[in-house]
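Enquirer: based on what follows, work out the 3D shape:
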Amino acid sequence: MPDEPRVPPSYIGDGVYASFDGYQIWLRTERANGVHAIALEYGVLKNLMAYANRVWKPVAKGGG
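Expert: As a prediction, this is how the structure comes out:
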């Protein structure tokens, strides 16, 4: 995780904090076995959002 994020960490829910280093969005969570972090560059975040839209649409329509 970057030492000095451009945007301070923000709590986004479910024990997850998000910050931005000017290039990637960092997701961080603390668990009993330490701190876990994931860096998402724009393309990966875009793919994640497309995935969420794809899997939640059937659920929102009552389809599974």
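Enquirer: who does the most centrally placed residue in the chain form a beta bridge with?
Expert: Compute the mean C-alpha point of the chain, and by CA atoms, centre = their mean the closest residue is L27, 4.9 Å away. Assessed by DSSP bridges, L27 has beta-bridge partners A18, I38.
Enquirer: so what pLDDT did it get?
Expert: With respect to pLDDT, L27 scores 96.
Enquirer: again with E4
Expert: 58.
Enquirer: now the one 3 residues further on
Expert: For V7, the model assigns a pLDDT of 77.
Enquirer: before we move on, what about the one 10 residues further on?
Expert: Y17 is assigned 97 on the pLDDT scale.
Enquirer: distance of it from N53?
Expert: 24 Å (CB to CB, to the nearest Å). (C-beta placed from N, C-alpha, C; glycine too.)
Enquirer: tell me which of these two has more neighbours.
Expert: Y17 (18 against 10; other CB atoms under 10 Å).
Enquirer: I figured the more buried one hits P8, correct?
Expert: No. Contact status for Y17 versus P8: not in contact, 9.5 Å apart, counting by CB atoms under 8 Å.
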